[in-house]
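**Q** No sequence on hand, only this structure:
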């Protein structure tokens, strides 16, 4: 039992010391993702939402109309889910002086922190979603990767109180 007392803290430190994936890990990857270029014009998105066990529980298609004026971009998203539900979201992206971005939307609590490097763009935000007769605030960790000039892959981890509640996988295509 003594070995457990000695070994366990070291193992925990090792696990905690493992760094998460960050956009800088992709700084040299091509093609370079420039939000002002990719998120401009008409785009389409197609995705699935999975529960925490990995089972697909919903799927959706969306159209995105995007434009930029100076350092500010507007993304108007129209979602159609498999059960017929429709949702609208309008993102406003702002390029900051340090090259990072912030994003806001009506159902996003506070600003989304956005980092871009190489072919990647990471967003971290809290999304307020309809749930039963009320709403639920879900932490969203988006990791986007530009795989060609016209195709971006997005994987998202969804959590509540730090506990994994699901994930989302989608493809965004620039038309």
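**A** Yep, that arrived. Keep in mind it's a predicted model, so treat the numbers as computed, not measured.
**Q** For the residue most central in space within the chain, which residues count as its bridge partners?
**A** The chain has residue 142 as the residue nearest its centroid, 2.0 Å off, counting by Cα atoms, centre = their mean. Assessed by DSSP bridges, residue 142 has beta-bridge partners residue 123, residue 156.
**Q** Helices of this structure, residue ranges please.
**A** 2-17, 35-38 (DSSP state H).
**Q** Which of those has the lowest mean pLDDT?
**A** Ranked by mean pLDDT, the helices of the chain end with helix 2-17 at the bottom, a mean of 50.
**Q** ok, residue 91 touching residue 74?
**A** Yes - using Cβ atoms under 8 Å, residue 91 is in contact with residue 74, at 7.2 Å. C-beta here means a position set from N, CA and C on the backbone, and glycine is covered the same way.
**Q** and these two? which has more neighbours close in?
**A** residue 91 (19 against 14; other Cβ atoms under 10 Å).
**Q** now that one, nearest residue through space, not along the chain?
**A** Excluding its sequence neighbours, the residue lying closest to residue 91 (Cβ to Cβ, 6 or more residues apart in numbering) is residue 75, at 4.1 Å.
**Q** Which strand residues bridge that neighbour?
**A** In beta-bridge terms (that is, DSSP bridges), residue 75 pairs with residue 66, residue 91.
**Q** can you count the residues close to it?
**A** Residue 75 has 20 nearby residues by other Cβ under 10 Å.
**Q** just checking, it touches residue 39?
**A** Yes - counting by Cβ under 8 Å, residue 75 touches residue 39, with 5.8 Å between them.
**Q** in stretch 63-74, what counts as buried?
**A** Residues of stretch 63-74 classed as buried under the neighbour-count rule (16 or more other Cβ atoms under 10 Å) are 64, 66, 68, 73.
**Q** what does stretch 74-91 give?
**A** 75, 77, 79, 89, 91.
**Q** and the end-to-end length of it?
**A** 6 Å (Cα to Cα, to the nearest Å).
**Q** And the strands in this structure?
**A** 41-51, 56-69, 72-81, 86-95, 101-104, 108-117, 120-131, 134-148, 151-160, 163-174 (DSSP state E).
**Q** how about those strands in a markdown table, adding distance to residue 21?
**A** Converted to a markdown table, the strands of the chain look like this (distance: least, Cβ to Cβ, whole Å):
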| stretch | distance to residue 21 |
| --- | --- |
| strand 41-51 | 19 |
| strand 56-69 | 24 |
| strand 72-81 | 24 |
| strand 86-95 | 22 |
| strand 101-104 | 18 |
| strand 108-117 | 11 |
| strand 120-131 | 8 |
| strand 134-148 | 7 |
| strand 151-160 | 10 |
| strand 163-174 | 15 |
